[in-house]
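Student: here's my sequence, what's the structure:
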Amino acid sequence: MGLSASQARFLELTARRSNIEYQAQQINFQRLQLSDKMSAASSDYQDKTSNRKLVYSFNNGDGITQVDVTYQNYKNYMNQQMEGLTTAQDKLFLVSSSGNKIVVSSEEERDEMIEQYTTYSSPVIDDEDGNTTIVSVGEGVQNPIRELTASDFIIVDNLDDVDNFQTAIQNGVYYFAKRELNTETNQYEFKTDSWDSIAGGAIGETYDTADDAQAEAEYKATSDKLQNIDKKLELQLNKLENERSAIQTEIESITKVIDDNIESSFKTFS
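Tutor: As a prediction, this is how the structure comes out:
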């Protein structure tokens, strides 16, 4: 092979080697991205299988049972021991940390609560002779003593979103409290109970396993898909490496031929 032909072949092989190295870099970058996706899938799986939820424990008559802390369960169970009691001081309220307002889901619920926790004083009637008669409730004009008014409430429209509700409880956005009379100020105030101290620890945390099976299935599907892609890329990378190795061997051979041609062409004396 002449010097010019050898030089052309050398340049061609060098270009092919550079192209192969570029392709290999691209494949390595894709495999790095796959690794990041696998790490993200693993983190998501760990989060879903280690997440915790709030549960409320109570005696339903047959023993201790647990229900998730949701807004509906708060209304259905957390005040069940208060059934039959009619004053606001007997109730455990859901209260906002901002402004100490009672949290409800609608105006109708607010109005029902105001009506339910309205007490009445027995009216006193004086006759012409100065005699005083205390009339029981229902026998005369009742004197309403409203323990709650609309200004005591805040209406929140997403209370049925269980995740948001539990997060709000855990982060102290909402808390549970009883409304008690401050004898020094003669004003009603909320006595706060955090979720982890209410009713002697009736609310606690437990692992939420409801979504574990789905999380495992999703992780396995994602993992299998990414591993299959990675194997294909690895095969492509091995193929390119073998091709590069062959080209490198040929380049070294051509380089030796060029060197020999130069030496024989420009050598003055043999």
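
Student: show the pLDDT at residue 92.
Tutor: On the pLDDT scale, residue 92 is placed at 79.

Student: could you do residue 137 as well?
Tutor: pLDDT, residue 137: 45.

Student: before we move on, what about residue 200?
Tutor: pLDDT, read off for residue 200, is 56.

Student: ok so residue 167 is a helix residue?
Tutor: Yes. Counting by DSSP: H, G, I helix; E, B strand; the rest coil, residue 167 falls inside a helix.

Student: tell me how many other residues crowd it.
Tutor: 13 (other C-beta atoms under 10 Å). Bear in mind the C-beta positions are built from the backbone N, C-alpha and C, glycine included.

Student: where do the helices of the stretch 101-250 of the chain begin and end?
Tutor: Applying DSSP state H, counting those that start in this stretch to the stretch 101-250 of the chain gives helices spanning 107-116, 162-170, 212-266.

Student: and among those, the most buried is which?
Tutor: Neighbour counts (mean count of other C-beta atoms under 10 Å) averaged over each of the helices of the stretch 101-250 of the chain peak at helix 162-170, with a mean of 18.

Student: could I have the CA atoms of it written out in CSV?
Tutor: Taking C-alpha atoms only, helix 162-170 is exported to CSV below (Å, rounded to 0.1, in the frame of the first residue of the first chain):
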residue,chain,number,x,y,z
VAL,A,162,-57.9,11.9,53.7
ASP,A,163,-54.3,12.5,53.0
ASN,A,164,-54.6,16.3,53.3
PHE,A,165,-56.7,15.9,56.4
GLN,A,166,-54.1,13.7,58.2
THR,A,167,-51.2,15.9,57.0
ALA,A,168,-53.0,18.9,58.5
ILE,A,169,-53.5,17.1,61.8
GLN,A,170,-49.9,15.9,61.9
